[in-house]
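Visitor: Sequence first, then the predicted structure:
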Amino acid sequence: MFTRFRSMPATAMAAVLGCALIATAAVPAAAQDKPKKEKKGKQEEAKGTTVAVSKAFGPAVKKMQDASNAKDSAALAAAIAEGSPSATTDEDRYWIGQFTLQLGIQTNDKAKQAAGLDAMLASGKTPPESLATYNFFSGNFAYGDKDYAKAAERLEAAKAGGSKEQQLDLLLMDSYIQSNQVDRGIAVAKTAIEANRAAGQRPSDELYVRPIKALQAAKRNDEALDMMTLRMRDFNQPQVWRQTLFILLQQSGENKEIALDTLRLMRATNSMLQRPEYLEYATLATEAALPGEVVSLIKAGKASNVIPQADARLDEIAKAQGERIGDEESTLTAYAAKPSTLSNPKVAGATGDAMVGYGRYADAVPLYKAALAAGGDKELWTYRMGVAQALAGDAAGAKASFAQVTGARKRLAQLWTIKLDGGAAPAAATAAG
């Protein structure tokens, strides 16, 4: 289920940084060829903020710029080494960092790229229009080096600066999780998820998967299931349904009724993907005296090729339950109308279950209502009424019923509601790096 996303590859990072540097951080003309006119501080030009250098540092900058323009890495390295001792101001140190970064890009040296970014940011002179970009890539390098505290600090700064980098939220989330700040990581994930959904985009699956894994590792199982439930809104595929429902099935323990309800939702979401699930479902439905449901289940399993066409155990169950059906379905309508059926909550509810087993979902709803009116188990019969309404195509009625479920089936009710909403994922998934 769980995959790990990676920080941005160095080649992609170099390309982005290179473009950003050319556009927003060109050396001022005065610093290159008119040292007598240089001034300390910053001045605004049409191409963005420029960072002036001290008069004594001008010749060193000229050498570095010439070597960088010529893409002569050896000359650039020598110019940086020669010029560094004469960098006496924050602006000078900014440019040492700038050319160290350029050298790192030219030589594909990530350590030099990271050192250059650190120097520029530490100088306090990074142009405002470049801060978000530089903080993001600095945080990305720190993440790659597993310095998660630094990564989180830089990525937060990038976010505050308005960075729109695709992987920002993923890296920030995981930086917090990896530094044992799970709650902060989950908060980042949830905010990013809702922002994506509000923008009509499907969030990256990693915004769900990584927090789920961290919560499971911390044995915070209910919170992990909360996140898995949210995930179903955006990843409405059978395998994902199975991952969530399989955990609920395990948690049902000895409660056969909840296990049966869980398996029914697996069937409704086409997430019964292995033979053992069919065998357990058939066994529980047999014990619940629902032969129609058993026979239709096994038939569906064979049609989907999950159950082999010749399966001794399940064929035996299907044969026995088929014989048990007899004339049950044909007499069910009359039985369901009897006052003695409607006045007994257990009998009314069980009759509703039988109707569902034969696919007569709309006919089951009045029986569940009768079970409730007669004082039956509110959670059980309200939930199953919602299921019958959902299967009958009454989405509004089903949602109203599920909204009333507050007991052990509450999560199942939430998942049915998500199913009725169809997942609500209007756009393609955001790719993880």
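Guide: Okay, I see it.

Visitor: which stretches of the protein form strands?
Guide: For the chain, the strands defined by DSSP state E cover 42-45, 48-51.

Visitor: per-residue confidence averaged over the last one?
Guide: Averaged across strand 48-51, the pLDDT comes to 66.

Visitor: Could you do the first one as well?
Guide: Averaging pLDDT along strand 42-45 yields 34.

Visitor: And for stretch 99-108?
Guide: Regarding stretch 99-108, the rounded mean pLDDT is 92.

Visitor: going forward can the numbers begin at 469, since that is how I track them
Guide: Done: numbering now begins at 469, and the last item shifts to stretch 567-576.

Visitor: Tell me the buried residues in it?
Guide: By neighbour count with 16 or more other C-beta atoms under 10 Å, stretch 567-576 contains the buried residues 567-574. Bear in mind the C-beta positions are built from the backbone N, C-alpha and C, glycine included.

Visitor: wait, which of those is closest to Arg828?
Guide: Distances from Arg828 to these, taken as C-beta to C-beta, are shortest for Ile573 (69.1 Å).

Visitor: So that closest one is in contact with Gln581, correct?
Guide: Yes. Proximity of Ile573 to Gln581 meets the contact threshold set by C-beta atoms under 8 Å, at 6.2 Å.

Visitor: mind putting the buried residues of stretch 567-576 in CSV, distance to Trp884 included?
Guide: Below are the buried residues of stretch 567-576 laid out as CSV (distance: C-beta to C-beta, whole Å):
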residue, distance to Trp884
Phe567, 61
Thr568, 58
Leu569, 54
Gln570, 57
Leu571, 59
Gly572, 54
Ile573, 53
Gln574, 58
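
Visitor: Just those residues: which are in helices?
Guide: 567-574 (DSSP state H).

Visitor: Relative to Trp563, how far out is Ala583?
Guide: 14 Å (C-beta to C-beta, to the nearest Å).

Visitor: Which one's more surrounded, those two?
Guide: Using other C-beta atoms under 10 Å as the criterion, Ala583 and Trp563 rank with Trp563 on top: 28 against 18.

Visitor: wait, isn't the more buried one in contact with Phe525?
Guide: Yes. Judged on C-beta under 8 Å, Trp563 makes contact with Phe525 at a distance of 7.5 Å.

Visitor: shared neighbours of the two, anything?
Guide: With contacts defined as C-beta atoms under 8 Å, 6 or more residues apart in numbering, the residues shared by Trp563 and Phe525 are Ala555.

Visitor: Can you name the residues that contact Ile715?
Guide: Ile715 neighbours (C-beta under 8 Å, 6+ apart): 689, 693, 696.

Visitor: top of those by neighbour count?
Guide: The most neighbours of any of the contacts of Ile715, using other C-beta under 10 Å, belong to Met696, which has 26 neighbours.

Visitor: Give the full set of residues in contact with it.
Guide: By C-beta under 8 Å, 6+ apart, the contact list for Met696 reads 676, 680, 711-712, 715.

Visitor: mind redoing it with 10 Å?
Guide: Contact analysis of Met696 by C-beta atoms under 10 Å, 6 or more residues apart in numbering lists 469, 676-677, 679-680, 683-684, 703, 708-709, 711-713, 715-716, 879, 883.

Visitor: if I look at Phe870, how far off is Asp862?
Guide: 12 Å.

Visitor: Mutual contacts of the two, please.
Guide: 854, 888.
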